[in-house]
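Engineer: quick one: sequence plus predicted model below, questions after.
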Amino acid sequence: MGQKIIRFSDLTGKHVEDDGDLVRIVVRQHPELEDGPVEIEALADELGAMEELALDLVTVELHYPDVEEPETVVLEAEAFNRLASAAPMAEVLRGAKRVARTVPVQAAPAGARERVNYASLEHAGKPHKGRTTDAEKQLVRQHLDEVNERLAADGVRTIDLGNADHVARYGLEELARERGVTLG
């Protein structure tokens with residue numbers, strides 16, 4: 001018995017014919033989010049309007065005297081630019097003192113581990129438990145030799161086109177045929 005997975009866009013409910021058309025969207029901030037970022041998926045052609053609707057925003061930190069933590073404010077660039085009356089904002093920013101970049105440190109819950117993104121070239125193809133995402137499969141298919149070089153350098157098993165489990169896990173059937181590899 002086989003299974004067929006039917007996927008739909010989270011935005012429009014449209015049926016997804018080809019997983020290659022699917023875009024992973026991480027929503028980091030939204031008034032309705034209560035427990036942190038979430039992930040949704042949509043068809044690439046559904047996102048064209050997003051670029052047109054995007055706002056030019058400025059994020060600033062206000063460091064008040066005698067207040068330990070800065071206040072972060074996000075506003076439209078035009079509104080921020082209007083605050084500069086002595087000179088155009090572009091000129092004010094060019095003449096401004098540089099600030100060292102800081103990486104925000106977020107406290108992790110006790111015992112929590114950082115999640116590994118296997119859909120990145122840095123981790124694609126590494127052995128792991130759980131589902132192999134379509135994004136990881138696509139990366140492995142498109143960059144198999146590069147992925148295998150990294151895996152070998154890290155002392156981890158490489159992905160073998162002659163291994164039926166590897167071929168099935170990463171959807172490498174076509175690549176195996178192209179390279180003339182018979183499954184063992």
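Structural biologist: Looks like it came in fine. Numbers count the residues shown, from 1 in each chain.

Engineer: could you use CA atoms for every contact and neighbour count after this?
Structural biologist: Noted.

Engineer: any stretches of the chain with poor pLDDT?
Structural biologist: For the chain, the stretches flagged by pLDDT under 70 are 101-114, 184.

Engineer: next up, the contacts around the most far-flung residue of it relative to its centre.
Structural biologist: In terms of distance from the mean C-alpha position of the chain, residue 86 ranks first, at 40.7 Å (Cα atoms, centre = their mean). Contact analysis of residue 86 by Cα atoms under 8 Å, 6 or more residues apart in numbering lists nothing.

Engineer: now residue 41
Structural biologist: 9, 10, 11, 22, 23, 24, 25.

Engineer: confirm that it sits in a helix.
Structural biologist: No: counting by DSSP: H, G, I helix; E, B strand; the rest coil, residue 41 is not found in a helix; it is strand.

Engineer: what's the helix or strand for residue 176?
Structural biologist: Applying DSSP states H and E as the criterion places residue 176 in helix 173-178.

Engineer: same deal with residue 79?
Structural biologist: With DSSP H and E as criterion, residue 79 is part of helix 77-82.

Engineer: which other helices and strands does that helix contact?
Structural biologist: Using 3 or more Cα pairs under 8 Å, 6 or more residues apart in numbering; DSSP states H and E, the elements in contact with helix 77-82 are strand 57-62.

Engineer: got the contact list for the strand it packs on?
Structural biologist: Outside strand 57-62, the residues that touch it by Cα under 8 Å, 6+ apart are 70, 71, 72, 73, 74, 75, 76, 77, 80.

Engineer: the residues you listed into TSV, with extra columns for neighbour count?
Structural biologist: Formatted as TSV, the contacts of strand 57-62 follow (neighbours: other Cα atoms under 10 Å):
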residue	neighbour count
70	12
71	11
72	10
73	10
74	11
75	13
76	12
77	14
80	15
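
Engineer: of the contacts of residue 41, select the buried ones using a PyMOL command.
Structural biologist: The buried subset of these, as determined by 16 or more other Cα atoms under 10 Å, is captured in PyMOL by this line:
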select buried, resi 9+22+23
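
Engineer: so which of the contacts of residue 41 is the closest to residue 152?
Structural biologist: residue 24 (29.0 Å; Cα to Cα).

Engineer: give me the sheet partners of the helix or strand hosting that closest one and which way each runs.
Structural biologist: Applying DSSP H and E as the criterion places residue 24 in strand 22-27. Strand pairing for strand 22-27, determined by DSSP bridges: strand 38-43 (antiparallel).

Engineer: and the strand it pairs with, what's buried?
Structural biologist: 42, 43.

Engineer: centre of the chain to it, how far?
Structural biologist: Counting by Cα atoms, centre = their mean, to the nearest Å, strand 38-43 is centred 11 Å from the centre of its parent chain.
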